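In: sequence first, predicted coordinates after that:
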Amino acid sequence: MEFLLQNKIQHKIADLLWVARDQAAVNDICRVFGVDALIVLNMMLASYYDKIDATDLSEPILKRIKHGT
């Protein structure tokens with residue numbers, strides 16, 4: 001999955017998030033840039049998780065849903 005950023009601010013936010021050293025830094029970026037930062041963060045996370053093909057962790061949950069338990 002690729003995502004397109006809409007403006008220069010979102011590009012700057014993505015750069016800052018990419019080098020953020022910990023969750024506190026990510027939280028600070030989101031606090032300063034607000035909704036734009038949350039959009040960029042969620043797009044980055046979605047892109048990352050879209051590349052994961054493993055289903056072994058979800059298998060027990062899927063079986064419970066399938067069997068209604």
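Out: Thanks, I have the structure now. Residues are numbered from 1 along each chain as shown.

In: the residue nearest in space to the middle of the chain sits in which helix or strand?
Out: By Cα atoms, centre = their mean, the chain has its centre lying nearest to Leu45, at 1.7 Å. Using DSSP states H and E, Leu45 maps to helix 35-50.

In: what are the buried residues along that helix?
Out: Neighbour counts over helix 35-50 (16 or more other Cβ atoms under 10 Å) mark 36-37, 39-41, 43 as buried. For every residue, glycine as well, the C-beta is placed using N, CA and C.

In: correct me, but Val40 touches Leu5?
Out: Yes: counting by Cβ atoms under 8 Å, Leu5 is a contact partner of Val40 at 6.8 Å.

In: hey, what's in contact with both of those two?
Out: Both Val40 and Leu5 are contacted by Ala14, under the criterion Cβ atoms under 8 Å, 6 or more residues apart in numbering.

In: only alpha carbons, please: show stretch 21-30 as CSV.
Out: Output of stretch 21-30 as CSV, limited to C-alpha atoms (Å, rounded to 0.1, in the frame of the first residue of the first chain):
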residue,chain,number,x,y,z
ARG,A,21,12.4,8.1,19.1
ASP,A,22,9.5,7.0,21.3
GLN,A,23,5.8,7.1,21.9
ALA,A,24,6.1,10.4,23.8
ALA,A,25,7.6,12.1,20.8
VAL,A,26,4.8,10.7,18.6
ASN,A,27,2.3,12.1,21.1
ASP,A,28,4.0,15.5,21.1
ILE,A,29,3.9,15.6,17.3
CYS,A,30,0.2,14.7,17.3
